[in-house]
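[1] generate a structure from the sequence data that follows.
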Amino acid sequence: MADVVVRVVDSGLTAAELDDVLHDLLEDLREVDVDGVRGTDGLVPEGTRGTELVEAAFVVVQGIVESGLARTFIERVQGWFGRSAVNQVDITVGDDHLVLSNATAEQQDRLVDHFIKAIDVKR
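    Down below sits the predicted model:
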């Protein structure tokens, strides 16, 4: 079972501001009705360097790819990102990785669609 890891990156935010945007994201994601949505509570994905902890917050979701809710979940992250002041969001599913940053909404839609198709093929 592949976890989905959402990494919020913004070196311009204070730790308190980063915590606030993480909580906003968690609230949005819990509306998708997915079990296993959680902030990492200090636990970060393997391979994370210490300096990244200052500028990143993580959300880990279990079972979403297998349940077929990946598209809904990732589109929810994309929508939240468009409304937030965050510089970058990284979404990782297994070996597949999507970065949302300063692309236009249309470019992001194409990236998200391509990403979803890639992880669906592996499912």
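
[2] report the buried residues of the helix of greatest length in the chain.
    Ranked by residue count and defined by DSSP state H, the top helix of the chain is helix 105-122. Buried positions in helix 105-122, judged by neighbour count with 16 or more other C-beta atoms under 10 Å: Gln108, Val112, Phe115, Ile116, Ile119. (Each C-beta comes from the backbone N, C-alpha and C, glycine too.)

[3] report the contact partners of the first one.
    Right, the one you point to is Gln108. Residues near Gln108 by C-beta atoms under 8 Å, 6 or more residues apart in numbering: Gln78, Gly82, Leu100.

[4] now for Asp24: which residues touch it?
    Contacts of Asp24 were listed using C-beta under 8 Å, 6+ apart, and they are Trp80, Ser84.

[5] any figure for the gap between it and Asp113?
    25 Å (C-beta to C-beta, to the nearest Å).

[6] out of the contacts of Gln108, which is nearest to Val89?
    Nearest to Val89 among the contacts of Gln108, counting by C-beta to C-beta, is Leu100 at 4.6 Å.

[7] doesn't Glu75 make contact with the closest one?
    No: if you go by C-beta atoms under 8 Å, Leu100 and Glu75 don't touch, sitting 11.2 Å apart.

[8] give me the common contacts of the two.
    Common contacts of Leu100 and Glu75, defined by C-beta under 8 Å, 6+ apart, comprise Val112.

[9] more crowded one of these two?
    Ranked by neighbour count (other C-beta atoms under 10 Å), Leu100 and Glu75 place Leu100 first, with 23 against 15.

[10] ok, the residue nearest to Val4 when sequence neighbours are not counted - how many residues close by?
    Spatially, and ignoring its direct neighbours in sequence, Val4 is nearest to Val61 (4.4 Å; C-beta to C-beta, 6 or more residues apart in numbering). Counted by other C-beta under 10 Å, the residues lying close to Val61 total 24.
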